[in-house]
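Colleague: Fold the stuff below for me.
(chains A, B and C)
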Amino acid sequence: MASAPQASVDVKSVGATEVSPPPPRPNVPRPEVPFDTARGWLREMMLIREFELRCMQAYQDKKIGGFCHVYIGQEAVAVGCIAAVEKRDPIVTAYRDHGHALARGMDPRHCMAEMFGRVTGCAKGKGGSMHMFDRANNLFGGHGIVGAQIPLGVGLAFGTKYEDEVISGGKSSRVTLAFLGDGALNQGSVHEAMNLAGLFDLPVIIICENNGYSMGTHIVRGTTMGHDISSKAGAYGMEGIAIDGMDVLETYWAMRDVVDRVRSTSRPVFVDMRCYRYKGHSMSDPRKYRTREEEEAHERDDPIGRLRAHLEGRGLTEDDFKGIQREVRATVRAAVEWSDQSPVPPMSDLYRDVYLERWGPYTGSSAPEMLGGGENETSFKAIRPVDGEGELL
Amino acid sequence: MTATMREIEFRDAVREAMSEEMRRDMRVMLIGEEVAQYNGAYKVSRGMLDEFGPRRVIDTPISESGFAGMAIGAAMLGLRPIVEFMSWSFSLVAADPILNNAPKMLYMSGGQYGCPVVFRGNDGAGGQLGSTHSWAVEGLFSNVPGLKMAIPSNPADAKGLMKTAIRDDDPVFFLESERLLSLKGDVPEGEHLIPFGQARVARVGRDCTLVSFGRPVHFCLEAADALAREGIDCEVLDMRTIRPLDAGAIVRSVRRTGACVVVDQSWSFGSPGSEVAALVHRECFDDLDNHVHRVHSADVPAPYSYDLEQEYLPNTRRVCEAVRACLYRA
Amino acid sequence: MPVQITMPRLSDTMQSGTIVRWNVKEGDSVSSGTVVADVETDKATMEMPVYDDGVISKIMVAAGQQVPVGTPIAIIAVDGDDGSSTASNAVPAQGNASPAAPAATASPAAQQPPRPTVAPSAPAAPAERVRVSPLARRMAEELGVSLDAVRGTGPSGRIVKQDILAAAHQQPAPPAPAVLDTRAQPAQTALAIGTALGAGSSEVVVSGMRQAIARRLVESKSTIPHYQVSMRVNMDPLLELRTMLNAQLEPQGVKLSVNDFIVRACALAMAAHPFFNASWAGDRIILHGDVNVGVAVSLPAERGGGLVVAVLPHANRKGLRDISTETRALAEKARTRGLGPEDMAGATFTISNLGMFGVDNFTAIINPPNSAILACGAAVEQPVVRNHQLVVGHEMQATLSLDHRVIDGAMAAEFLQTVKHNLENPATLLV
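Modeller: Numbering: from 1, shown residues only, chains lettered A, B, ... in the order given. Got it, this is the predicted structure:
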């Protein structure tokens, strides 16, 4: 399938050492996004940025444990993509999920509290940084195993189409956004999922947040056709396009096109979302695999800076900007304080939410042995031997 | 309840359960390799495509990991897919979604997203299919909290447990057996549901309790008949589900007989059989005349050659030997 | 007969002593008065004599060791005995009077394997560990089989169920075990009788069942804090009603006894007094739902004799007629075929009535695991006060024995009040 206009690719140069440059901005006249909307996106991106910085600080203060993958640099992707879909459209992503959660509307307090392991977190403290779930906002996680979320995303698209067409007898009208990183593109389950999506005509947009690095491995070292990953879409009968993910307006409009197309055709699309993460893969990454110069070059292209410049051209004042800055700082600080003061989950929560219905829809004659230990320690003292007719001996 | 009984095959009972549930609830669908146009690799889903159409009986390519994950995503949304693995041996490539996603989704999301999926397929050895196709996965998967596991031994239980499994809001691993698919038995018509965690006393006895799951229940019944001629009266418990396990039934029985033999077709190390043995020692310590004896498949990869494979299985002869040993009558 | 020497209490405050020095060694002859050791007590080092003639066959505690008072320290083989018996068979020689005890199973050889008087060549202490399966151990206790008498056929000589059954197969069936696991008592070792049998005395074989009954009674009296509460009941209304009913029911072959009314009165009272239908279970009290009333039934001598408790299950759901019929059936069965375990298990409350023997009043021993037992005397015609008048009437004395852990005095009084009310208004027992 045709990809977006870009420099022609020499298909024989598999294993190239350079990634092709990001696609030039298409010469398509875009309507202006209303000022307030764009200002809202600026605020959202700044909120995400501030939130992630405070996460890093909290992690170093040992308030956040385990893994913490921050989204700094990629804010435009989440904000732009999510702005392009409706609330009823499901979203699933991988473990670098704070940005998506906040852009989808999760209260920063619940997001931070989850990472602090408090019971007020979105997953009651039982998920952690990689498992941001928000049912009210149709955010289906937050997943830790690389690539595992793509079959889930394909499943969500299968589900919405099934509900809309098979159960309701109408036409599929929802679109699923399934995010993954460029490293996940090498995972088998992703390819199986793409095959299924293409085969079953599923309304899913598989968005590869291509920041060029799979932890410490540059994409050309790990992925065939890494210089042009949208070419992989063709192998599955899917359209593949590349979008500049460092420009939120560009991201928004490009995604709007894709979303509208997917909504009406119910054909999957693969997006090579070019972006860059400014920090390491996770908190323990010293980023020795790239140069400081490279990082600085990308930082000059900061999506927040870009949108700010755009808005200043439309009347955003210094005070206004500082006001936004103050507001997001206060919001995030409040989230941290609230999380600090939130209680940890009670010990009894250890055994909660393992099963929806402990014994299944119908109860058996005796308490079955379902979970070992803890609250499920069944007392057998009262059990008396029974003969074949059920009579007590 | 006096339901009409008719004699049908195990495979028919499974199909009947799936079909009845699909008629009852539009959210249920069947996904798997060859389930639709081929009428099922083992003819379990024969005729279902004709009745329900290709939107609800769906042929998939050979991508267990992909379509298992897809089913789980649909289940998170609220649908209730039935996923057929042509053999549970093939579920190993889908281990990540079925073990890392399905049983954990509710917990990881803090109670927001459940996963009402049924994974089903043929489990166990005996058809000379070779070691890679002869897995008894209860030994691997029963370990994981968050999933439920059902393992019927006869057609009536197959129907009753399958209907319950489909209506269950948690992920259920439903272990059938290629060797049992042609087994005939009386199955009630209509709404026949068997609760999870409720064992069946397949044979009442006084001298020794045999605890078993799935196909090995038949080995136990044959052994009980043989042992009866020696004056040993065995009680046979068909556990029906491994998670949840009807521990009370086991405890009640062993407290009466004082002797227990567990017969499990999975390998012995870290298996449901070990779990039963530990349970019995814990709860019936003062009632036992001997330690719990265990009969498992031999601790080797399943062999191909017929005699070797029959010896590999927890067969009737080995069950008899274990009972005699347990009762000091060896 | 070997004599066991234990660490003596050489001062009134002595708790333990150290053997400073042995003056004898194994094989030495001693006689009454020989100082065999120097023992250090809490106050001083004292001489320790023996009081028997014989040979030191074993010294169990070496010099320098401190042991508590009463610890066996040596054995003397008295007058020709080879002294290799187990310590448990020996009579403690110092200070402890041997209470007279029923003889061990000295029954004819055909009944069961004889109690060995010679232990296997293992030393007397520490004894060789006997391997017994948990089930066999429990069965041995229930059936009154001594483990010393059993040869184990399991691995490493483990005693298993079939060994116990083989050892006990000649004995009459003992009462079934209690519904609740009473604390397992160690098998009592029979105390050998040190005194010779005098002329004219004889021995009575004690059956396994009797032994079990004996054990349970001892256990009941020694572990349950018994106390008694009595009440007198005006029996005239009940006797009148009974006479009338029996006359009317005679064509149907029903004959109600006074005890039937008492059973019903108690069963009905349980609803308001659930703790009388309960059992102490250590950290909690189990309130039984159904009322299974135990009635004392006397067994004829050829059935083992004595009084056993037969159970009327679900007495709270039975009317007088059923209670009467079933009780009579049980008594008949006891006379003719003997009662089986199913007839004797599961009582939650017991009634013992010696009225037919003319007894005024008596106290009964609680039948574990019950919490109470009602002992009824005869309904005696005697001078009584009614409406401030001295008249002649029938009064019965009912004495409750109670487990104070479960029931306190006030509860007992209230229960008796209810029972008394039921009995004195006997028409209420008809519905």
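
Colleague: end-to-end on stretch B:169-181?
Modeller: Counting by C-alpha to C-alpha, to the nearest Å, you get 26 Å between the two ends of stretch B:169-181.

Colleague: Check which residues of that stretch are buried.
Modeller: B:169-181 (16 or more other C-beta atoms under 10 Å in any protein chain shown). Where you see a C-beta, it was placed from the backbone N, CA and C, and this is true even at glycine.

Colleague: Looking at these, which are in strands?
Modeller: B:Val172, B:Phe173, B:Phe174, B:Leu175, B:Glu176 (DSSP state E).

Colleague: From these, pick the one nearest chain A.
Modeller: Checking those against chain A with C-beta to the nearest C-beta, the nearest one is B:Val172 at 8.6 Å.

Colleague: Contacts only, for the closest one.
Modeller: Contacts of B:Val172 were listed using C-beta atoms under 8 Å, 6 or more residues apart in numbering or on different chains, and they are B:Val117, B:Val118, B:Phe119, B:Leu147, B:Lys148, B:Met149, B:Ala150, B:Ala165.

Colleague: let's see it at 7 Å
Modeller: B:Val172 makes contact with B:Val118, B:Lys148, B:Ala150, B:Ala165, according to C-beta atoms under 7 Å, 6 or more residues apart in numbering or on different chains.

Colleague: which residue is nearest the centroid of chain A?
Modeller: Centroid-nearest residue in chain A, with C-alpha atoms, centre = their mean: A:Thr93, separated by 2.9 Å.

Colleague: What separation is there between the residue lying closest to it once chain neighbours are set aside and chain B?
Modeller: Nearest residue to A:Thr93 in three dimensions, chain neighbours excluded: A:Phe179, at 3.9 Å (C-beta to C-beta, 6 or more residues apart in numbering or on different chains). With the distance defined as C-beta to the nearest C-beta, to the nearest Å, A:Phe179 ends up 14 Å from chain B.

Colleague: likewise C:Asp53?
Modeller: Per C-beta to the nearest C-beta, C:Asp53 is found 47 Å from chain B.

Colleague: and what of A:His310?
Modeller: 37 Å.

Colleague: What is the least confident helix or strand in chain C?
Modeller: The weakest-scoring helix or strand in chain C, judged by mean pLDDT, DSSP states H and E, is strand C:91-92 (a mean of 40).

Colleague: Counting by contacts, list what the following helix or strand past that strand packs against.
Modeller: Moving toward the C-terminus from strand C:91-92, the next helix or strand (DSSP states H and E) is helix C:134-143. Using 3 or more C-beta pairs under 7 Å, 6 or more residues apart in numbering or on different chains; DSSP states H and E as the contact test, the elements touching helix C:134-143 are helix C:161-168.

Colleague: what is the orientation angle of the helix it packs on with helix C:134-143?
Modeller: In terms of direction (axes from the mean of the first three to the mean of the last three C-alpha atoms, to 10 degrees), helix C:161-168 departs from helix C:134-143 by 20 degrees.

Colleague: who's in contact with helix C:161-168?
Modeller: B:258, B:289, B:328, C:112-113, C:133, C:135-136, C:139-140, C:143, C:145, C:149-153, C:208.

Colleague: for stretch A:309-325, same thing?
Modeller: A:Phe35, A:Ala38, A:Arg39, A:Leu42, A:Arg43, A:Met46, A:Leu249, A:Arg308.

Colleague: roughly how far is that stretch from the heart of the chain?
Modeller: Averaging C-alpha positions (C-alpha atoms, centre = their mean, to the nearest Å) puts stretch A:309-325 28 Å from its chain's average.

Colleague: Equivalent analysis for stretch A:30-39, please.
Modeller: Taking mean C-alpha positions (C-alpha atoms, centre = their mean), stretch A:30-39 and its chain are 24 Å apart.

Colleague: How far does that stretch stretch from one end to the other?
Modeller: End-to-end distance (C-alpha to C-alpha), stretch A:30-39: 17 Å.

Colleague: Pull out the buried positions in it.
Modeller: A:Val33, A:Ala38, A:Arg39.

Colleague: With distance to chain C and pLDDT added, can I get the residues you listed in a markdown table?
Modeller: Converted to a markdown table, the buried residues of stretch A:30-39 look like this (distance: C-beta to the nearest C-beta, whole Å; pLDDT from 0 to 100):
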| residue | distance to chain C | pLDDT |
| --- | --- | --- |
| A:Val33 | 71 | 94 |
| A:Ala38 | 70 | 97 |
| A:Arg39 | 68 | 97 |
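
Colleague: Turn the residues you listed into TSV, columns for secondary structure.
Modeller: Below are the buried residues of stretch A:30-39 laid out as TSV (DSSP: H, G, I helix; E, B strand; the rest coil):
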residue	secondary structure
A:Val33	coil
A:Ala38	helix
A:Arg39	helix
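
Colleague: Do you have the strands of chain A handy? List them.
Modeller: For chain A, the strands defined by DSSP E cover A:91-92, A:133-134, A:139-140, A:176-181, A:204-210, A:213-214, A:217-218, A:239-244, A:269-274.

Colleague: ok, now the stretch 151-300 of chain B?
Modeller: B:172-176, B:184-188, B:200-203, B:208-212, B:234-238, B:241-243, B:260-264, B:293-296 (DSSP state E, counting those that start in this stretch).

Colleague: Give me the phi and psi for B:Asn100.
Modeller: phi -90, psi -20 (degrees, to the nearest 10).

Colleague: Going by neighbour count, which residues of stretch B:34-50 are buried?
Modeller: Residues of stretch B:34-50 classed as buried: B:Glu34, B:Val35, B:Ala36, B:Asn39, B:Gly40, B:Ala41, B:Tyr42, B:Val44, B:Ser45, B:Met48, B:Leu49 (neighbour count, 16+ other C-beta under 10 Å).

Colleague: right, and C:Thr418 touches C:His273 too?
Modeller: Yes. Under the criterion of C-beta atoms under 7 Å, C:Thr418 makes contact with C:His273 at 6.4 Å.

Colleague: Number of residues surrounding B:Asp123?
Modeller: 29 (other C-beta atoms under 10 Å in any protein chain shown).

Colleague: so which pair among the buried residues of stretch B:169-181 is furthest apart in space?
Modeller: Spanning the widest gap among these are B:Asp169 and B:Arg179, at 30.8 Å by C-beta to C-beta.

Colleague: Quick one: the ones in strands among the buried residues of stretch B:169-181 as JSON lines, columns for pLDDT too.
Modeller: Listed next are these as JSON lines, based on pLDDT from 0 to 100:
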{"residue": "B:Val172", "pLDDT": "97"}
{"residue": "B:Phe173", "pLDDT": "98"}
{"residue": "B:Phe174", "pLDDT": "98"}
{"residue": "B:Leu175", "pLDDT": "98"}
{"residue": "B:Glu176", "pLDDT": "98"}
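
Colleague: picking up where we left off before, tell me the one of the contacts of B:Val172 nearest chain A?
Modeller: The shortest gap between chain A and any of these belongs to B:Lys148, at 6.9 Å (C-beta to the nearest C-beta).

Colleague: what's the closest one in contact with, if anything?
Modeller: A:Gly360, B:Asp168, B:Asp170, B:Pro171, B:Val172, B:Phe196, B:Thr241, B:Arg243, B:Pro244.

Colleague: How about the backbone phi and psi for it?
Modeller: Main-chain dihedrals, B:Lys148, degrees, to the nearest 10: phi -120, psi 150.

Colleague: could you pull out the helices for the stretch 51-200 of chain B?
Modeller: Along the stretch 51-200 of chain B, counting by DSSP state H, counting those that start in this stretch, helices occupy B:64-77, B:95, B:105-108, B:138-141, B:155-167.

Colleague: where does the stretch 201-350 of chain C dip in pLDDT?
Modeller: Along the stretch 201-350 of chain C, the parts satisfying pLDDT under 70 run over C:205-212, C:301-305, C:337-338, C:340-342.

Colleague: Tell me the residue of it that sits nearest chain A?
Modeller: Nearest residue of the stretch 201-350 of chain C to chain A (C-beta to the nearest C-beta) works out as C:Gly346 at 8.0 Å.

Colleague: what about that residue, how many neighbours?
Modeller: A total of 18 residues lie near C:Gly346 under the criterion other C-beta under 10 Å.

Colleague: Would you mind listing what in the stretch 1-150 of chain A touches chain B?
Modeller: A:90, A:122-124, A:126-127, A:131, A:133, A:135, A:140-141, A:145, A:148 (C-beta under 7 Å from any C-beta of the partner chain).
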